[in-house]
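Q: show me how the following folds:
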Amino acid sequence: MMIFPELKNHSSSIIEELKISVEKKEPVEIFGRIYSPQVKTLYQNDDVTGEVYVLVDDTEHYLYMKELEEQKNIAEAANASKSAFLSVVSHEIRTPMNAVVGMTDLLLQDKGSLDSKQEKYLTNIRNSGEALVMIVNDILDQS
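A: Presented below is the predicted three-dimensional model:
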């Protein structure tokens, strides 16, 4: 007896697919639908008299899971792009800021040639540069 009349001409090949699918515990696609098959053995007086294949239509579930997988891949790609962007931006900000801080330190080491106003300005430049570098570091740590 066959429940799906359209399987009549394909029954032997589909039965083989079902057996393989049951062994591997994987879904099987039949006529564009995805089924999770199970096999039940029929007994009569302790003798095996046949098998019944139960097909659970999981098409919607598998399509939903496939969509979730695609969305996950998109999110992971976006996250990788964000990380690459932040890495480049942080390098582009840190390099000149480190130069500003370093040059300011060099100027501050030559205190003999600086008046108090110039020393104050250079100290403010160095402190602001160090603060900016710390902010960039904090932003990168958070992301």
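Q: how much space between the closest residue to Lys40 other than its chain neighbours and Ala77?
A: Once flanking residues are discounted, Lys40 sits nearest to Val52: 4.6 Å by Cβ to Cβ, 6 or more residues apart in numbering. C-beta: built from backbone N, CA, C; applies to glycine. Counting by Cβ to Cβ, to the nearest Å, the gap from Val52 to Ala77 is 45 Å.
Q: surely Leu42 forms part of a strand?
A: Yes - under DSSP: H, G, I helix; E, B strand; the rest coil, Leu42 falls within a strand.
Q: per-residue pLDDT, it?
A: With respect to pLDDT, Leu42 scores 90.
Q: OK, contacts around it?
A: Contacts of Leu42 were listed using Cβ atoms under 8 Å, 6 or more residues apart in numbering, and they are 48-52.
Q: among those residues, which pair sits farthest apart?
A: Pairwise distances across the contacts of Leu42 (Cβ to Cβ) peak at 11.8 Å, for the pair Val48 and Val52.
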